[in-house]
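Colleague: Predicted model, plus sequence, below.
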Amino acid sequence: MEKVIIKDLYRKTSDYIDKDVEVSGWVRTLRDSKAFGFIEVNDGSFFKNLQVVFTDSLSNFEEVKKITISSTIIVKGKIVKTENAKQEFEMHANSVEIFNLSDSSYPLQKKRHSFEFLRTVAHLRPRTNTFSAVFRIRSIAAFAIHEYFQNNGYVYVNTPIITCADCEGSAEMFKLTTLDLDKPLPTKDGKTDFSQDIFGKKAFITGSGQLHGETFAAAFGKIYTFGPTLRSEDSNTKTHANEFWMIEPEISFCDLEQLMDIEEDFLKYIVKEVLEKCPEELAFCDQFVEKGLIDKLHRLINSNFVRIDHKEAIDLLKKADRKWEFTPEYGGDLAKEHEKYITEYYNGPVFVKNWPKDIKSYYMKVNPDGKTVAAVDLEVPGAGEIMGGSQREENYDKLVSRMKDMGIDTDQLYWYLELRKYGSNIHSGFGLGFERLLMYITGMENIRDVIPYPRTPNNCEF
Ligand code: 4AD
Ligand code: MG
């Protein structure tokens with residue numbers, strides 16, 4: 001008898017009608033009456049379940065009736081077309097073999113659970129509809145990202161996880177050491193002596209692959225990274241995690257305007273792929289997570305993203321007829337409430353560009369005004385800033401002087417500076433926070449619910 005996956009039964013239904021097949025999976029629900037019953041079984045291959053009908057003709061009918069939720073079963077039977085039912089077909093079981101009868105203490109019995117509760121059973125939550133949808137979308141989106149770059153001539157680079165290079169601020173990097181923290185630490189001149197540590201100096205876990213990415217962009221023209229990123233910031237918000245995944249493309253011979261064109265094209269591609277490949281998952285999210293989600297995604301594909309200067313954004317906020325918790329400032333960052341207002345005002349993604357230089361990173365190109373940098377953040381409703389990027393300073397002397405002004409160790413980063421000596425060019429890049437993208441695509445409101453095992457302040461369970 002042919003072993004099949006439930007996805008094929010849905011996608012190629014006509015091939016299977018009136019055929020006998022075998023399916024292995026987990027019981028999602030079971031309803032029974034005197035002489036027959038229904039089992040919803042899911043094998044993980046597809047968002048939807050297979051409905052299995054069984055009758056008292058089964059030799060183990062009494063046992064089958066008592067199957068608990070999440071038990072593993074192997075069912076054999078005929079696929080039969082149904083009329084006027086929720087699903088187009090069902091299986092009429094000839095045999096139901098119980099491989100493992102799940103303990104009745106299984107915490108995810110059939111009822112709606114809060115996302116907070118589900119975080120406490122993160123090892124089981126992938127079996128729920130919501131997380132089945134979210135994590136399949138995550139997988140499809142990751143593949144679409146690779147596909148976009150590979151189709152467009154980018155080289156995939158694996159930048160180091162262990163690093164001494166300070167890109168986004170060393171204060172936000174986790175330190176990495178093999179020194180025995182239970183013993184007094186070796187010291188020199190009153191400070192910890194890291195020359196005795198495994199790398200002979202103070203080392204960190206990466207908070208960005210950008211600097212290494214730039215070295216490869218100076219060889220391959222266009223590159224991208226896609227990997228875990230760690231930041232030690234103590235931010236307990238719905239959009240910050242201490243471990244997240246970031247995609248960082250870097251493009252040679254590309255200025256800020258061209259960078260925004262790429263960001264827009266890239267984001268639309270991912271959304272299109274998810275719309276095409278995850279219709280069941282998105283329909284579920286649209287119904288239960290964010291009403292109007294699918295319309296929102298279609299609107300994004302068909303829109304031209306707004307591009308405004310940081311100054312215009314502040315003008316807009318200052319003109320707004322409302323009270324702010326954080327007063328919008330021309331020299332300041334955008335607070336969550338500001339991002340929300342701006343994206344709602346334009347009803348879609350907004351590029352905010354040309355930021356005050358004092359609140360941005362040292363490697364960004366200072367504009368001719370001397371006050372702003374050629375940086376751009378893409379803001380979307382809900383997730384806020386999903387992409388942060390900039391044109392890089394390509395002039396050696398200017399970069400050195402910016403680094404000195406901002407207290408960045410130029411000796412340590414001599415190799416990064418050398419890119420400005422050997423074949424410098426106008427180049428730009430951005431970082432996309434993968435989880436923030438997923439929040440936007442699925443409508444989930446908390447970053448803890450779009451990453452399998454969230455790491456956030458005071459939380460490193462599982
Ligand atoms: O804006 P960020 O800090 O930019 C960089 O790291 C640059 N090196 C990128 C580049 O130009 N190559 O981070 C980029 C994106 C943010 O826009 C946000 O989406 C995400 O990474 N991000 C976080 N996501 C989750 N939790 C956090 N703590 C995040 N910090 C940044
Ligand atoms: Mg940023």
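Modeller: Looks like it came in fine. Ligands and ions are numbered 1, 2, ... in the order given.

Colleague: In the stretch 251-400 of the chain, what residue lies closest to ligand 1?
Modeller: Per CB to the nearest ligand atom, G388 is where the stretch 251-400 of the chain lies closest to ligand 1, at 2.6 Å. C-beta coordinates here come from the backbone N, C-alpha and C atoms, glycine included.

Colleague: what about the helix or strand encompassing that residue, distance to the chain center?
Modeller: Element membership of G388 [criterion: DSSP states H and E] is strand 384-391. Offset of strand 384-391 from its chain centre (CA atoms, centre = their mean, to the nearest Å): 15 Å.

Colleague: now for the helix or strand just after that strand, which elements pack on it?
Modeller: Downstream of strand 384-391, the first helix or strand assigned by DSSP H and E is helix 396-405. Applying 3 or more CB pairs under 8 Å, 6 or more residues apart in numbering; DSSP states H and E, one finds that helix 396-405 contacts helix 414-418.

Colleague: helices or strands up against the next helix or strand along the chain from the helix it packs on?
Modeller: Once the chain leaves helix 414-418, the next helix or strand it forms, by DSSP H and E, is strand 427-433. On a contact count with 3+ CB pairs under 8 Å, 6+ apart, strand 427-433 meets helix 210-220, strand 243-252, helix 256-277, strand 384-391.

Colleague: between the first one and strand 243-252, how big is the angle?
Modeller: An angle of 30 degrees separates the directions of helix 210-220 and strand 243-252 when computed by axes from the mean of the first three to the mean of the last three CA atoms, to 10 degrees.

Colleague: interface residues of the stretch 201-350 of the chain facing ligand 1?
Modeller: S208, Q210, R231, E233, H240, A241, F244, M246, E248 (CB under 6 Å from any ligand atom).

Colleague: So which bits of the stretch 51-200 of the chain are right by ligand 1?
Modeller: Within the stretch 51-200 of the chain, the residues that sit near ligand 1 (CB under 6 Å from any ligand atom) are C167, E168.

Colleague: now the helices for the stretch 51-200 of the chain?
Modeller: Listed in chain order, the helices found in the stretch 51-200 of the chain under DSSP state H, counting those that start in this stretch are 61-65, 115-119, 129-151.

Colleague: Of the residues of the stretch 201-350 of the chain next to ligand 1, just say which sits nearest to W415.
Modeller: Nearest to W415 among these is Q210, at 13.5 Å by CB to CB.

Colleague: any idea how far that closest one lies from I441?
Modeller: 24 Å (CB to CB, to the nearest Å).

Colleague: In terms of packing, which of those two has more residues around it?
Modeller: More crowded of Q210 and I441, by other CB atoms under 10 Å: I441, with 30 against 27.

Colleague: A strand includes the more buried one, no?
Modeller: No: going by DSSP: H, G, I helix; E, B strand; the rest coil, the assignment for I441 is helix, not a strand.

Colleague: show me the contacts for it.
Modeller: The contact partners of I441, by CB atoms under 8 Å, 6 or more residues apart in numbering, come to I137, A141, I270, V271, V274, L297.

Colleague: can those go into JSON lines with extra columns for neighbour count, distance to V306 and pLDDT?
Modeller: Formatted as JSON lines, the contacts of I441 follow (neighbours: other CB atoms under 10 Å; distance: CB to CB, whole Å; pLDDT from 0 to 100):
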{"residue": "I137", "neighbour count": "22", "distance to V306": "26", "pLDDT": "98"}
{"residue": "A141", "neighbour count": "20", "distance to V306": "24", "pLDDT": "98"}
{"residue": "I270", "neighbour count": "21", "distance to V306": "19", "pLDDT": "98"}
{"residue": "V271", "neighbour count": "20", "distance to V306": "17", "pLDDT": "98"}
{"residue": "V274", "neighbour count": "23", "distance to V306": "23", "pLDDT": "98"}
{"residue": "L297", "neighbour count": "21", "distance to V306": "17", "pLDDT": "97"}
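
Colleague: Just give the nearest non-adjacent residue to R448, would you?
Modeller: Distances taken as CB to CB, 6 or more residues apart in numbering put P454 closest to R448, at 4.0 Å, once the chain neighbours are dropped.

Colleague: my read: the one you found touches F115, true?
Modeller: No: look at P454 against F115 with CB atoms under 8 Å: they stay out of range, at 11.2 Å.

Colleague: related to what we said a few turns ago, residue contacts, the residue nearest to R448?
Modeller: Neighbouring residues of P454 by CB under 8 Å, 6+ apart: R119, A122, A241, E243, I447, R448.

Colleague: quick revisit: buried deepest among the helices of the stretch 51-200 of the chain, which one?
Modeller: Stretch with highest mean neighbour count among those: helix 129-151 (a mean of 18; mean count of other CB atoms under 10 Å).

Colleague: mind saving the C-alpha coords of that helix as CSV?
Modeller: Extracted in CSV, the C-alpha atoms of helix 129-151 (Å, rounded to 0.1, in the frame of the first residue of the first chain):
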residue,chain,number,x,y,z
ASN,A,129,-2.4,25.7,14.3
THR,A,130,-1.0,29.1,15.0
PHE,A,131,2.6,27.9,15.4
SER,A,132,2.2,25.5,12.5
ALA,A,133,1.4,28.5,10.4
VAL,A,134,4.1,30.8,11.8
PHE,A,135,6.9,28.3,11.5
ARG,A,136,6.1,27.0,8.1
ILE,A,137,5.9,30.7,6.9
ARG,A,138,9.3,31.2,8.6
SER,A,139,10.8,28.3,6.6
ILE,A,140,9.2,29.4,3.3
ALA,A,141,10.3,33.1,3.8
ALA,A,142,13.9,32.0,4.6
PHE,A,143,14.1,30.1,1.4
ALA,A,144,12.6,33.0,-0.6
ILE,A,145,15.3,35.2,0.8
HIS,A,146,18.1,33.0,-0.4
GLU,A,147,16.2,32.6,-3.7
TYR,A,148,16.0,36.4,-4.2
PHE,A,149,19.6,36.9,-3.7
GLN,A,150,20.8,33.9,-5.6
ASN,A,151,18.6,34.8,-8.5
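
Colleague: what's the distance between the residue lying farthest from the centre of the chain and V64?
Modeller: Distance from the C-alpha centroid of the chain peaks at S57, with 48.2 Å (CA atoms, centre = their mean). For S57, the distance to V64 (CB to CB) stands at 11 Å.
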